[in-house]
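Pasting a predicted model and its sequence here:
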Amino acid sequence: MYKRVLSIVLTIALVITLAACTTSAPATEESKDPTQQPKDATQQEPIKVRVGLPELVNAKFAEGEDYTNNLWTKLFKERHNVEVVVDWITTEYDTKLNLAIASGELPDMFTVNIVQLNQLMEAGMLEDLTDVYKQYASPSLLDMIEPNQDIVDTAMKDGKLYAIPRLHYGDETSTSFLWARKDWLEANGIKEVKTIADYEKMMEAFKTNNGAAFGTMLDKTLTQFFEMASAFHAYPKIWVDGPDGTIVYGATLPETKNALAKWAEWYKNGYINKDFATMDSSAMLRDAYNGKVGTYAQQNWAGWQVGQDMVKNAGDGTYFVSMNLPSVDGNKVLYPREFSNAVYNVVRKGYEHPEVLVQLINTYIDVLDDAIGNGTMTLEEVLPFNTNDMHHITGPFKVEFAHYQDIKDVSSSVITGNENLGSGNAVLFYNEILKWKNEGDLVGLGRYLQMGHETASLVLGNAHVDNGQINKTKVWGARPQVMLDYGTTLDDLLLEGYTKIIMGQEDISYYDTLIEAWRRAGGDEVTAAVNEMYGK
Amino acid sequence: MRSLLITLRKQWPFHILLIPAVVVIFIFNYIPLYGLVIAFQRYNPSMGFQSPWVGLDNFVRVFSQPNFVQTIWNTLFIAGFQIIGGIIVPVVFSLLLNEVRKALAKRVFQTVIYMPYFLSWVILAGVMIDILSREGIMNTFLSSFNIGPIPFLGDPHTFRWTMIVSEIWKSFGFGTVIFLAALTSIDPSLYESAVVDGAKRWKQTWYITIPSIMPIIVLMSILSLGNILNAGFDQIYNLYSPIVYSTGDIIDTYVYRLGIQQAQYSVGTAVGMFKALIAAFMISMSYYLADKLAGYRVL
């Protein structure tokens, strides 16, 4: 018996030591970088900035490079003598950051969402950026930020600026589309779907003519349901004007119930994978790769998701193309626009060089937007900074902005053949698309599906903006404290209920019970606070 | 006092061996207890433990959540059946294994059923999702008997049974080891005399084997009472989805979603503390019962 216990103890000890070795090994390897040593000695001591980053699955680094050592970090070192040190990197960014906030061990620079921003401003844990922003912001940065004063306001407290908003993109990127397999559309001669009934015919055609097992994709987050809701004039995720003139949560309106009823019907008819409630998005996409399903509602970037990988799996012409969402009654579809500035770049209180944040953001904008136009860099030099997700790995050092004009320039250039490109970004996008069109290089397919043809997603998105098809949420910017307190608890409640209704475990009449439960659980409290804040 | 000194003089090397464990437990299990104060505060990360006091507000918030009571019930339900199954299955299996004559076969069986215990739920969950899906091996197998398809992970009623059965399956090999050890300590002369009296295998098992290991069975059952509120975070977190929240959400997953994912530190701590208090009570109870029923004493 003792021998057995001893052997178990030894095994456990061994496993623990092994685990410790494997986790600590890469860290020590990264810290010593022999090539940098002699250079540093001659120069001034570099400014170190510790960051926390979300892990990007699609990032492809050059040989021997990684998040701490890549073309961006080298550029930052060269231009500003700033050394980027990665404190941690994780696929569960928000969770990790919440832990870091709770323990008070924050990186020097990082990004936060609006809830975390409010929490940190409240707690006084962020460095005041008012002065460094005034002093260091480049004209290009100012050009992007200044038209968005409403977003900047959400990053301010008592007249001080605590964050550089990433700005996200413009309205044109907030709309949803119907994505469908190109070869199947062509085989059935379908050009567009005008109504939900047309959409049902399309799903049926895919099933009978193309051997699809299901009509539409759906995963456990119900994202695809939410993306299609506006086809039913339903707005389950945003705050809208209610029938009585006050602001109400879109989920409480009868249109949402109608949308759910239709999806429940689809589930019953076998248009949806019976296992969807346990599937995450990668499991869901596997059905697309296997040719089991050929359509879903998704945002403008879906072509990246079911483009390159799709073709690799299923062959030429299998990629998905975008179409306008159908409308349940033929009336104009309005697309929900959440307050989308989801990301803010911030500096930890007490960090000695807050100006570094503004400098690095300047550099980011300069490379991707101005360098080609100014002639400081050639297209070939800039391209690697913007492909293979490299423009996303820079973590807290970027600002994104409306691409409305770029999309117009690029799409008209590609379609008409008359090259007319305003910004460096437009040149980049255009060249990526040409790679696909001329050489069949899959690298450019995603971009092509966004802005390379007449019904490319963002081209349609631009049209939605032009036609006034954007429905902005009434909670634009600041949120009442009680809403932050509830977090996602209230939405979780609805998500669970919606799933049950779609799966037929509850009848559609359960919807009213669900909304009643939502009201009692805090929905009424939040609604009252919203109405007080945004005054009706 | 004198006797204590004598024991100490005899056993001092063991006490020294104990010191590292005591230090580790003190640092990692006792010092963090101080963090519980934030359950009574509105936690503000920059002020840390000096955050403003709010009394029992956080507890009131938690208990007024519509699904919290359900969460407690789920935890008790899942953990309860896991404990019951976690005793019965290993006992039956060790009795069966004990009857296997060939030493090699016995060892092979033991190793095979022990195997899943070493795999983490993160790995197993991926495998199980594939096996248990509508088109997975399990449902394909069942359909040849005209059963199903059963949504093992996608139906609130089936989900908790899936959790219970899979946890028992994963860990019964480990429990078997303990009962097999107990079986080896039974005096063989008891069996010899039983054989003389004409007892067959079944009678031997019924009148000798089971009564002999009864104290161990009782002890194991009682000691597992302390786990009544641990239904297994890893397992459920990796396998659940919104559709099964109503029956599958347990206290630990609830605390994780609320406290970490939504950054409601104080509320999360309040739930955790509530759980810890009940667990402390259950453990004290179980030690008391262990002393009364099985003669097992801690102090």
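Structure received.

tell me which residues of stretch B:130-143 are tucked away?
The neighbour-count check on stretch B:130-143 (16 or more other C-beta atoms under 10 Å in any protein chain shown) flags B:Leu132, B:Ser133, B:Arg134, B:Gly136, B:Met138, B:Asn139 as buried. To be clear about C-beta, it is placed using only N, CA and C from the backbone, and glycine gets the same treatment.

Where does chain B get nearest to chain A, residue-wise?
At 3.4 Å from chain A, B:Gln262 is the closest residue in chain B, using C-beta to the nearest C-beta.

Look at that residue and say how many residues are nearby.
Look at B:Gln262: counted by other C-beta atoms under 10 Å in any protein chain shown, it has 22 neighbours.

That one - nearest residue in space that isn't next to it in sequence?
Distance criterion C-beta to C-beta, 6 or more residues apart in numbering or on different chains; nearest residue to B:Gln262, sequence neighbours excluded, is A:Gly487 at 3.4 Å.

That neighbour: what's it in contact with?
Shown in contact with A:Gly487 (C-beta atoms under 8 Å, 6 or more residues apart in numbering or on different chains): A:Val115, B:Leu258, B:Gln262, B:Ala263, B:Gln264.

those helices in the stretch 101-250 of chain B, which residues are they?
Ranges of helices within the stretch 101-250 of chain B are B:103-114, B:121-132, B:137-143, B:156-184, B:188-196, B:201-204, B:210-224, B:233-239, B:245-248, based on DSSP state H, counting those that start in this stretch.

Looking at the ones you listed, which one is packed in the most?
Neighbour counts (mean count of other C-beta atoms under 10 Å in any protein chain shown) averaged over each of the helices of the stretch 101-250 of chain B peak at helix B:245-248, with a mean of 22.

what packs against it?
Judged by 3 or more C-beta pairs under 8 Å, 6 or more residues apart in numbering or on different chains; DSSP states H and E, helix B:245-248 is in contact with helix A:489-502, helix B:68-99, helix B:156-184.

Mind putting the ones you listed into JSON lines with distance to A:Met533 and mean pLDDT?
Shown next, in JSON lines, are the helices and strands packed on helix B:245-248 (distance: least, C-beta to C-beta, whole Å; pLDDT from 0 to 100):
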{"stretch": "helix A:489-502", "distance to A:Met533": "17", "mean pLDDT": "90"}
{"stretch": "helix B:68-99", "distance to A:Met533": "28", "mean pLDDT": "90"}
{"stretch": "helix B:156-184", "distance to A:Met533": "37", "mean pLDDT": "90"}
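
closest to A:Ser412 out of these?
Across these, A:Ser412 has its closest neighbour in helix A:489-502 (40.0 Å, C-beta to C-beta).

how many other residues sit next to residue 146?
Looking at chain A here, since you left the chain open. Per other C-beta under 10 Å, the neighbour tally for A:Glu146 reads 10.

actually it's chain B I care about, not the one you picked
By other C-beta under 10 Å, 6 other residues sit near B:Asn146.

Distance of it relative to B:Arg134?
To B:Arg134, B:Asn146 is 15 Å away according to C-beta to C-beta, to the nearest Å.

Next: A:Tyr344.
From A:Tyr344 to B:Arg134 the distance is 42 Å (C-beta to C-beta).

got it, and A:Thr527?
Computed with C-beta to C-beta, the distance linking A:Thr527 and B:Arg134 is 39 Å.
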